[in-house]
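Visitor: I would like to see how this sequence folds:
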Amino acid sequence: MVFQCLSLPVLAQGIQLITAEGQKAMLAAPGAEPVGAADADVTIVEYFDYNCPYCKKMAPVLEGLLTEDHHVRIFYKDWPILGDMSVYAAKAALAAQWQHKYRVAHDALINGPRLVTTAQVDAALSRVGVNLDTLTKDRAKRSAEIDALIERNDEEAHALNLRGTPGVVVGRQLLPGIVDLGGLKRLVADARSMN
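Guide: Next up is the predicted model:
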């Protein structure tokens, strides 16, 4: 699959707008279930790596938005670019979705310390109720599907000209880095005004 998503510089503070077609492609069959409102009026997409310190700083901001605004949803897109441990963690979290535990796996890994061993990843997932035997089987059985999803996320991130994680898209606005909760709320309001 070829992903095309043109970014057009149009807003202040380095924020760019992606095309409506790019946004539609990004949200089509995203791989993991979204978090937040089923009937959201604003969708946020985050390309992240579990070992990215900036992603770890952005996690509570996104969680805070979900707590305060019940009309947004977030798609987390695993983009493991910081080494083998990031890849292992991403594949483990994605495999957890067949136990309906992607969200708890994501939260455990993104809110925890830097991941340096596979045992550390497995222990974090086990603590939040992920069955490791089932996870191992699902990771093996679904490896082609998981690999294809990670590759797709990589293609999308490159099409967006992301240079690192996190990459955050609020509505059609591409955020060039991280932002605090107030800044994120302003972006959500801007996205609503564009609808």
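Visitor: Grab the most central residue of the protein for me.
Guide: The chain has Y76 as the residue nearest its centroid, 2.2 Å off, counting by Cα atoms, centre = their mean.
Visitor: can you pull out the helices in this structure?
Guide: Per DSSP state H, the chain carries helices over the ranges 20-27, 53-68, 84-95, 102-110, 118-127, 132-141, 143-159, 181-194.
Visitor: For R172, find the nearest of those.
Guide: R172 lies closest to helix 20-27 among those, at 5.2 Å (Cβ to Cβ). C-betas here are computed from N, CA, C, even on glycine.
Visitor: What about the closest residue to G171 other than its chain neighbours, how many residues nearby?
Guide: Excluding its sequence neighbours, the residue lying closest to G171 (Cβ to Cβ, 6 or more residues apart in numbering) is A191, at 2.8 Å. Neighbours of A191 under the rule other Cβ atoms under 10 Å: 19.
Visitor: got the contact list for A191?
Guide: 42, 170-173 (Cβ atoms under 8 Å, 6 or more residues apart in numbering).
Visitor: Please apply the same query to V104.
Guide: 96, 128-130.
Visitor: Looking at those residues, state which has the most neighbours.
Guide: The contacts of V104, ranked by neighbours (other Cβ under 10 Å): first place A96, 28 neighbours.
Visitor: got a list of what the closest residue to that residue other than its chain neighbours touches?
Guide: Spatial nearest neighbour of A96, chain neighbours left out: A105 (3.9 Å); criterion: Cβ to Cβ, 6+ apart. By Cβ under 8 Å, 6+ apart, the contact list for A105 reads 92-93, 96, 125, 128, 130.
Visitor: now swap in A38 and tell me
Guide: A38 makes contacts with R73, as judged by Cβ under 8 Å, 6+ apart.
Visitor: now do the one 4 residues further on
Guide: Applying Cβ under 8 Å, 6+ apart to V42 gives the contacts 71-73, 170-171, 188, 191-192, 195.
Visitor: Including pLDDT and distance to I178, could those go into a markdown table?
Guide: As requested, the contacts of V42 are exported to a markdown table (pLDDT from 0 to 100; distance: Cβ to Cβ, whole Å):
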| residue | pLDDT | distance to I178 |
| --- | --- | --- |
| H71 | 97 | 22 |
| V72 | 97 | 17 |
| R73 | 96 | 20 |
| V170 | 96 | 12 |
| G171 | 95 | 17 |
| V188 | 96 | 15 |
| A191 | 93 | 17 |
| R192 | 94 | 21 |
| N195 | 75 | 24 |
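Visitor: just for this protein, where's the confidence low?
Guide: Applying pLDDT under 70 to the chain picks out residues 1-14.
Visitor: Most remote residue from the middle of it, which is it?
Guide: In the chain, counting by Cα atoms, centre = their mean, D133 sits farthest out from the average C-alpha position, at 25.2 Å.
Visitor: And it, how far from D78?
Guide: 22 Å (Cβ to Cβ, to the nearest Å).
Visitor: Double-check D154 against W79; I have them as touching.
Guide: Yes - counting by Cβ atoms under 8 Å, D154 touches W79, with 6.3 Å between them.
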